[in-house]
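**Student:** Please find the sequence and the predicted model below.
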Amino acid sequence: MSAPGRPSAVAHLRRPATIRERCANILATGLGGGLTHFRVEPSRLPQVADFVAAVTRRRYPGLAIPYHSRWRHLDAGGVARVAALGAALSRLPAAERARAKIDLIVTSVLLDAGAGETWRFREEHTGQTFARSEGLAVASFRMFEAGLFSSDPSRPWRTDAAVLMDLEESRMARGFQASAANPLAGLDGRVGLLKRLGRAMKGAPHLFDALRGRATQSRLDAPIILEAVLEALEEIWPERIELDGVGLGDTWPHPAAAGSGPSAGLVPLHKLSQWLAYSLVEPLEEAGVEGADRGPPRSPRAAGGRARGAGPDRASPDQGPGRRHLGSRARAGRRPAGRRATDSSRQRRHVVLTGETIACPAASTSSTTRWSSTSSA
């Protein structure tokens, strides 16, 4: 039996309200000049707002703004791939169409990580060449279309647990057109993630059915979608931080996070899971399950990363290498008090809206920080 309070603490870290609360605490520290690597300049917010508004109005003059979800990337280059998918699935019942689309979008989102500066994907159907997130989206669509993840050749539009668990890196390399001349960063990590997804899928209800079962009068609040995603995928993430044996995924320590109880000092971001949850809304709505938006702001990269050049977050003059904030909680073989782990080339930074950065291990790291419900805040 787990320690008292652990299930509620883990659930607390999966709620959008907690993401807002902990990030707001870090922002408040930044507004008071208390962040180590960045300072927050509210005077620059109007410039950011004007920039975002101008881009939005230029892109969507009538302000008919679609969901910023993975589905937009699947139509990269002006190719109506999503419509083609709809046509291919048109004879199936609504629930089956939803399951197929969710299979696609889960796989595509989980494959979406930094591709590297030089990797390119040339789409044979159109002759167009794509890079980065759009390239990964188009490649994942074409692999799904070809039945790479299906155990039934007559039903290519599906993802089966057994196929994912036996997935070979060479097959994925061919699907991504990856080679020594066209290297894709983190290919082995992507394959490992899909293998773990397969294990998580085995014996579990389809995500569509799990979500539909949580609906009240065919309605799902956004926090419920996110919580269901986090529960379904909790075993697939690389080992990072655990709270009494439960992996917390995209959750990190920060001295300004505050909070109370076993989760104090932790900042949940759940960036990829949020984007996945948001990308599930469209197939759910098409199947008659209405979503209500009470979730955090969408697209962390768009809201935070891309606006940083004009944004209110400014590097402090004494900014050095990013650090993981471990505070008084250290893993086995803890460091002497007052010392922090420094970044290595296997770590990257995450930007949280108005600019504080948290250095976090890349997918290849295998170290785990054990977070106990008896730890002090």
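**Tutor:** Perfect, thanks for sending it.

**Student:** hey, let's count contacts and neighbours off CA atoms from now on
**Tutor:** OK.

**Student:** ok, which stretches of this structure are strands?
**Tutor:** 38-40, 121-122, 129-130, 219-221, 241-243, 246-247, 251-253, 266-268, 290-292, 313-315, 347-352, 356-361, 369-371 (DSSP state E).

**Student:** Mean pLDDT lowest where, among the ones you listed?
**Tutor:** Across the strands of the chain, strand 347-352 has the smallest mean pLDDT, namely a mean of 30.

**Student:** Skip the chain neighbours and tell me the closest residue to Asp75.
**Tutor:** What sits nearest to Asp75 in space, not counting adjacent residues and going by Cα to Cα, 6 or more residues apart in numbering, is Arg81, at 5.5 Å.

**Student:** Roughly how far does the one you found sit from Ala11?
**Tutor:** Distance, Arg81 to Ala11, by Cα to Cα, to the nearest Å: 37 Å.

**Student:** which of the two has more neighbours?
**Tutor:** Arg81 (18 against 15; other Cα atoms under 10 Å).

**Student:** Can you tell me which residue sits nearest the middle of this structure?
**Tutor:** Most central in the chain under Cα atoms, centre = their mean is Leu272, positioned 0.4 Å from the mean C-alpha point.

**Student:** mind listing what's buried in stretch 85-105?
**Tutor:** 85, 89, 94-105 (16 or more other Cα atoms under 10 Å).

**Student:** Distance-wise, check the residue nearest to Asp75 relative to Pro153.
**Tutor:** Using Cα to Cα, Arg81 is found at 20 Å from Pro153.

**Student:** Helices of the stretch 101-250 of the chain, residue ranges please.
**Tutor:** 132-145, 161-165, 169-176, 187-201, 207-214, 222-232 (DSSP state H, counting those that start in this stretch).

**Student:** tell me the angle of the fourth one relative to helix 169-176?
**Tutor:** So that's helix 187-201. Orientation note: helix 187-201 sits at an angle of 110 degrees relative to helix 169-176 (axes from the mean of the first three to the mean of the last three Cα atoms, to 10 degrees).

**Student:** Now find how far off-centre helix 187-201 is within its chain.
**Tutor:** Put simply, helix 187-201 sits 15 Å off its chain's centre (Cα atoms, centre = their mean, to the nearest Å).

**Student:** same thing with stretch 65-75?
**Tutor:** On Cα atoms, centre = their mean, the centre of stretch 65-75 falls 15 Å from the chain's centre.

**Student:** hmm, who's touching that stretch?
**Tutor:** Identification of contacts with stretch 65-75 by Cα atoms under 8 Å, 6 or more residues apart in numbering yields 81-82, 105, 108-109, 133-134, 137-138, 141, 275-276, 278-279, 298-299.

**Student:** Go again with 7 Å.
**Tutor:** Stretch 65-75 is contacted by residues 81-82, 109, 134, 137-138, 141, 275, 278-279, 299 when judged by Cα atoms under 7 Å, 6 or more residues apart in numbering.

**Student:** okay, the helices of the stretch 101-250 of the chain in CSV with distance to Val246 and mean neighbour count next?
**Tutor:** Listed next are these as CSV, based on distance: least, Cα to Cα, whole Å; neighbours: other Cα atoms under 10 Å:
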stretch, distance to Val246, mean neighbour count
helix 132-145, 30, 23
helix 161-165, 22, 20
helix 169-176, 28, 16
helix 187-201, 14, 20
helix 207-214, 20, 17
helix 222-232, 11, 21
